[in-house]
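Undergrad: return atomic coordinates for the entry below.
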Amino acid sequence: MIKSKEWVHIILSIIILTFVINLNLILTNQGLGKLFLINTISIILVIFINIFAKKWAAYHFDANIEEKTWMWERFGFREHQHFKKPVPIFKRSNFATFVF
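TA: Next comes the predicted model:
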């Protein structure tokens, strides 16, 4: 079953993907009605099909899977170049690094 923490990650990914994919529609203010709705429904379908397919496969292989946001674990290519604890990419302090 999907835990409450996973729901937060799923909703966050839907919001971010909806904004990114529909950014051109938002900026040009063209066809915000139908096309925006179709894109949003498509994003939701793709994410939920992906999650439920992984959960179903994990169930059949007697495994457990938990969805979470992308984590930043390494800062280089060498073996010792990694963080002690993974940092979420969507954290506010890291977000400015990726935007600018």
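Undergrad: stretch 12-26: which residues count as buried?
TA: Within stretch 12-26, the residues scored as buried using 16 or more other Cβ atoms under 10 Å are 13-14, 17-18, 22. For glycine as for every other residue, the C-beta is placed from the backbone atoms N, C-alpha and C.
Undergrad: what is the nearest of the residues you listed to Asn50?
TA: Comparing those against Asn50 with Cβ to Cβ picks out Ser13 as the nearest, at 10.1 Å.
Undergrad: can you tell me the closest non-neighbouring residue to the closest one?
TA: Ile47 (6.3 Å; Cβ to Cβ, 6 or more residues apart in numbering).
Undergrad: for Val87, same thing?
TA: Here the residue nearest Val87, using Cβ to Cβ, 6+ apart, is Trp72, at 4.8 Å.
Undergrad: count of neighbours near His9?
TA: 19 (other Cβ atoms under 10 Å).
Undergrad: brain fart, Ile41
TA: 11.
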